[in-house]
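K.L.:
just a sequence and a predicted model for now, questions to come.
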Amino acid sequence: MNLFSDIRALVLTSIEAMVAEDILPAGLNLDPITTEPPRDPAHGDMATNAAMVLAKPAKMKPRDIADALALKLAADPRISSAEVAGPGFLNLRLDASVWQGLPAAILNAGTTYGRSTMGQGQRVNVEYVSANPTGPMHVGHARGAIVGDAMASLLDYAGFDVTREYYINDGGAQVDVLARSVYLRYLEAHGQEVEFAEGTYPGDYLVPVGQALKAKVGEAYLDKGEDVWLQEIREFATAAMMDLIREDLAALGVHMDHFFSEKSLYGTGKIEAAIESLRDKGLIYRGVLEPPKGKKPEDWEPREQTLFKSTEHGDDVDRPIQKSDGAWTYFAPDIAYHYDKVTRGYDQLIDIFGADHGGYVKRMKAAVSALSDGQTPLDIKLIQLVKLFKNGEPFKMSKRAGTFITLRDLVDMVGADVARFHMLTRKPDASLDFDFDKVVEQSKENPVFYVQYAHARICSVLRKAAEAGIAVDDASLAGVDLSGMTHDAEIMMARKLAEWPRLVEIAARTNEPHRVATYLSELASELHGLWNRGNDEPSLRFIQDDGAATQAKIALARAVAVVISAGLAILGVTPVEEMR
């Protein structure tokens, strides 16, 4: 059930009737017509732009269309009034019976209320985290993991077929550094004194990896050169780090559908195939790039390179894919990886990048546009930094990692639910302050607590009613007569509940799961407001002297709990039934 879609359908049906009556001409495009909440709630429950968007193609004054449309809409029993505002906007007020019937509809639907078929089963690949397999993930990775995971859940809820994917960056020089660092821990496990040179990884997390390597190979690598052990330790260390990463992600409630290895692109012809695909389209050429804008680097030379004509697909400059010595640039395997995604038949690609990858956005979009002939859209979300605080001071250190707070540190300190919700309280491209004291604070200023407390309060009311012998199961509550639900505060609550299906579709269309967290905070605020008003107005209290009256009040509250549970599930947060 989606009230906004239902009323939009009524608007379209009314317009079709106006066409049949020759009030409007045939052949009008009705797609731009919307039905949404008015900017000022005092103007009504919903507003439609139908008259404004049809005026020009119909060659009519918008107000004339609005006046005729208002008469049609007002004839429907769901519409109590249809008023023309300004040049032709139409404000609608819904009959009280619509709001009174909403809790029952929600209770009958359960957590499927708000689920959408908007995606129509389109296949979407969401790639997120993709941290280098060189150590434990830090808090920045945690934010990317949470945003990507919530986005995938949101898209699934909106009717898309979603694949959660992790790209393992195991093809670069950083994995050689990892192997050398593990070798030092291997020597240390044999009782040798070691020193970590600058650029290696000194974190304690590699101690057990070195010990595990000793247990596997014994003394085989002692006093041996890199030509003997580098490749083997690369594979051993990468596997160990990926096990660690999987464990850390699981602690955060993140589980991937697919892991893709960068190394699998090399020596398999996959990079060559991707580049050949672009070459066949006339997008690969030999050329010399202009020097970088601003101060020219001292070592810059006008060397001829193999270039991708990315400017033909929206990029600012063409991009090198192969160096003058024949080696691939970092961009080449990324092209091949996305070519693989395109050939897997996805209808849409989403990449979650760290803020430091901002320069990659245009070139990656150009590559996917070229590889798919513009048929596969790529949306890239940049995740800004997380600033950590504790006791009002910046908080940075982790003994385990050596230099930073790890994802596991975060989960151990505040829990996965708190971490996930708080990381979704702001848009991903805005920096986020994470105060370890404030995120566990039990106050209305803490959105995590505020939403959880709303759910717990409702559960508390249900328990009390059940103890009094009142039936509080959803089936019983859905059959309750709510014709007495007429107070403005209760109607406002119902109006907020009605926004949920529309919010889901907007958030899924824009790939913005933080909208769900914002909505839940607003819904919780409405619930707490209604609860507090009951202190002064006994008729608003959820527990009444009469059992039937109590059921009627609880039906609305239980509908709120259903929506909170559905929203929290999208965010990957468990709703609590009581606060400790």
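P.N.:
That came in fine, so what should we check first? Because the structure is a prediction, the values reported are computed rather than measured.
K.L.:
what about E441, neighbour count?
P.N.:
By the criterion of other Cβ atoms under 10 Å, E441 has 12 neighbours. To be clear about C-beta, it is placed using only N, CA and C from the backbone, and glycine gets the same treatment.
K.L.:
check which helix or strand the nearest residue to it once chain neighbours are set aside maps to.
P.N.:
Counting by Cβ to Cβ, 6 or more residues apart in numbering, E441 lies nearest to F449, which is 6.8 Å off, once chain neighbours are set aside. Following DSSP states H and E, one finds F449 within helix 447-467.
K.L.:
touching that helix from outside, list them.
P.N.:
Where contact means Cβ atoms under 8 Å, 6 or more residues apart in numbering, the residues beyond helix 447-467 that reach it are 417-418, 421-422, 425, 439-444, 472, 517, 520-521, 523-525, 527-528, 531, 542-543, 550-551, 554, 557-558, 560-561, 564-565, 568, 575-579.
K.L.:
if we can go back for a sec, what separation do you get for the residue nearest to E441 and K438?
P.N.:
Remark: distance between F449 and K438 (Cβ to Cβ, to the nearest Å) = 10 Å.
K.L.:
can you check Q375 too?
P.N.:
If you measure Q375 against K438 using Cβ to Cβ, the figure is 46 Å.
K.L.:
ok, F449 and K438, which is more surrounded?
P.N.:
A count of neighbours by other Cβ under 10 Å puts F449 above the other of F449 and K438, at 22 against 17.
K.L.:
mind checking how far that one is from A109?
P.N.:
Counting by Cβ to Cβ, the separation of F449 from A109 is 28 Å.
K.L.:
tell me which element the most centrally placed residue in the chain falls in.
P.N.:
The residue lying closest to the centre of the chain (Cα atoms, centre = their mean) is M151, at 2.5 Å. Secondary-structure assignment from DSSP H and E places M151 in helix 139-157.
K.L.:
show me where pLDDT drops low in the stretch 301-450 of the chain?
P.N.:
The stretch 301-450 of the chain contains residues with pLDDT under 70 at 301, 397-403.
K.L.:
how near is the residue nearest to E441 to R533?
P.N.:
Applying Cβ to Cβ to F449 and R533 gives a distance of 21 Å.
K.L.:
can you check K464 too?
P.N.:
K464 is 19 Å from R533, by Cβ to Cβ.
K.L.:
same thing with I23?
P.N.:
I23 is 45 Å from R533, where distance means Cβ to Cβ.
K.L.:
one step back: so the residue nearest to the centre of the chain sits against D351, correct?
P.N.:
No - with contact defined as Cβ atoms under 8 Å, M151 does not count as touching D351 (11.0 Å).
K.L.:
who touches both of these two?
P.N.:
Counting by Cβ under 8 Å, 6+ apart, the residues touching both M151 and D351 are Y128, K381.
K.L.:
shaky segments in this structure?
P.N.:
Using pLDDT under 70, the flagged stretches of the chain are 294-301, 397-403.
K.L.:
contacting residues around stretch 360-367?
P.N.:
308, 310-316, 319, 331, 334-335, 338, 351, 353, 378, 380, 382.
K.L.:
next one: stretch 337-348
P.N.:
So stretch 337-348 is contacted by 122-125, 127, 160, 163, 167, 260, 262, 265, 270, 273-274, 277, 349, 364, 367-368, 371-372, 376-379 (Cβ under 8 Å, 6+ apart).
K.L.:
so which of those residues sit within helices?
P.N.:
Under the assignment DSSP state H, the contacts of stretch 337-348 contribute K270, A273, A274, S277, M364, A367, V368, L371 to helices.
K.L.:
and these, which two are furthest apart?
P.N.:
Comparing every pair within these by Cβ to Cβ identifies A273 and M364 as the most remote, at 18.1 Å.
K.L.:
who has more neighbours out of those two?
P.N.:
Under the neighbour definition other Cβ under 10 Å, A273 and M364 were set side by side, and M364 has more, 23 against 14.
K.L.:
how close does the more buried one sit to I335?
P.N.:
From M364 across to I335, the span is 8 Å (Cβ to Cβ).
K.L.:
cool, and A51?
P.N.:
As defined by Cβ to Cβ, A51 lies at a distance of 49 Å from I335.
K.L.:
cool, and L178?
P.N.:
Counting by Cβ to Cβ, the gap from L178 to I335 is 25 Å.
K.L.:
more neighbours: which of these two?
P.N.:
Each of L178 and I335 has its neighbours counted (other Cβ under 10 Å); I335 has more, 28 against 25.
K.L.:
pretty sure Y113 sits against A566.
P.N.:
Yes - using Cβ under 8 Å, Y113 makes contact with A566 at a distance of 6.8 Å.
K.L.:
how near is I383 to A471?
P.N.:
Distance from I383 to A471, counting by Cβ to Cβ: 47 Å.
K.L.:
more neighbours: these two, which one.
P.N.:
The residue with more neighbours, out of I383 and A471, is I383; 26 against 14, by other Cβ under 10 Å.
K.L.:
please report phi then psi for the more buried one.
P.N.:
Main-chain dihedrals, I383, degrees, to the nearest 10: phi -100, psi 120.
K.L.:
ok, the closest residue in space to it that isn't next to it in sequence - contacts?
P.N.:
Spatial nearest neighbour of I383, excluding adjacent residues (Cβ to Cβ, 6+ apart): G144 at 4.5 Å. Contacts for G144 (Cβ under 8 Å, 6+ apart) come out as Y128, V129, I352, F353, G354, I383, P428.
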